[in-house]
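Asks: Requesting a structural model of the entry that follows:
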Amino acid sequence: MSYRVFATAAAAALLFAGGNALAQTAAAPAPSTTAAPDPVRLAEARKTVDVIMPPATREALIGGMVDGLMGTMVNGLLESPSVKAMLEEKPGAKAVFERFMARVKDASRKDLMDNLPGMFEAMAHAYARRFTVEQMHDISAFFGTPSGKAYMASAGTIMSDPDVVAWQKALMQRAMARMPGDQETLKREIDALD
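Replies: Alright, predicted model coming up:
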């Protein structure tokens, strides 16, 4: 596996992992319209998002989820036979890989953290489109209970639970095993354009 192919695979895996983390926040299927939400519902949705993910703890919660997902993804890559072979082929390759992944992780985490306000505003729009004011009151009430608070205190650790990590690892290994065939198919299809 060439460095360029590997870097592309790693970047795709990071996008997949990041998408998975954010998908955890989806409340319902996307509505059929992206019209601006009702202002009253949007105001309530902003309050609901603040109850679910209090501004004071947002960065720690999201950071914990991202770190868990990315750690699992990197470990999955390191255990892939093709990646192992590539890293063992050349002395020092593993250290280069680890530095590369640390840079990607740091840049991805920084991008996410720098853009959290936009993510939470987008979430408020999504809540406003999906839930009535009354439903958002119910949601806020739940997250104000001891059970709701306990859920949110632990939500960031769910992605690093051993069962979830094992599932992610198996998924990553399947994706890495398919990659050479997928790349060859893509190359053949592009070559056929000539």
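Asks: Please enumerate the helices of the protein.
Replies: Along the chain, the stretches classed as helices by DSSP state H are 3-23, 39-52, 58-79, 81-89, 93-114, 116-130, 133-144, 146-155, 162-191.
Asks: Mean neighbour count added to these, as CSV?
Replies: Heads up, the C-betas are built off the backbone N, CA and C, glycines and all. What follows is these, written out as CSV (neighbours: other C-beta atoms under 10 Å):
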stretch, mean neighbour count
helix 3-23, 15
helix 39-52, 19
helix 58-79, 19
helix 81-89, 14
helix 93-114, 14
helix 116-130, 18
helix 133-144, 15
helix 146-155, 12
helix 162-191, 13
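Asks: how about JSON lines for those, with mean pLDDT added?
Replies: Converted to JSON lines, the helices of the chain look like this (pLDDT from 0 to 100):
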{"stretch": "helix 3-23", "mean pLDDT": "43"}
{"stretch": "helix 39-52", "mean pLDDT": "94"}
{"stretch": "helix 58-79", "mean pLDDT": "78"}
{"stretch": "helix 81-89", "mean pLDDT": "82"}
{"stretch": "helix 93-114", "mean pLDDT": "87"}
{"stretch": "helix 116-130", "mean pLDDT": "93"}
{"stretch": "helix 133-144", "mean pLDDT": "95"}
{"stretch": "helix 146-155", "mean pLDDT": "87"}
{"stretch": "helix 162-191", "mean pLDDT": "83"}
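Asks: Next, find the distance separating Met73 from Val164.
Replies: Distance, Met73 to Val164, by C-beta to C-beta, to the nearest Å: 12 Å.
Asks: now swap in Pro39 and tell me
Replies: In terms of C-beta to C-beta, Pro39 sits 38 Å off from Val164.
Asks: In this structure Leu87 contacts Lys94, no?
Replies: Yes. Under the criterion of C-beta atoms under 8 Å, Leu87 makes contact with Lys94 at 4.5 Å.
Asks: Common neighbours of those two, please.
Replies: Here Leu87 and Lys94 have Leu78 as joint contacts, going by C-beta atoms under 8 Å, 6 or more residues apart in numbering.
Asks: And Gly71, how far from Lys47?
Replies: Using C-beta to C-beta, Gly71 is found at 33 Å from Lys47.
Asks: Then Thr185?
Replies: Taking C-beta to C-beta as the measure, Thr185 falls 49 Å from Lys47.
Asks: Ok, Thr132 next?
Replies: Following C-beta to C-beta, the distance that separates Thr132 from Lys47 is 14 Å.
Asks: Can you name the residues that contact Gly68?
Replies: Contacts of Gly68 by C-beta under 8 Å, 6+ apart are Gly156, Thr157, Met159, Ser160, Val165.
Asks: Among those, which one has the most neighbours?
Replies: Ranked by neighbour count (other C-beta atoms under 10 Å), the contacts of Gly68 have Met159 at the top, with 22 neighbours.
Asks: which residue sits closest to that one, ignoring its sequence neighbours?
Replies: Closest residue to Met159 apart from its sequence neighbours, by C-beta to C-beta, 6 or more residues apart in numbering: Gly68 at 4.1 Å.
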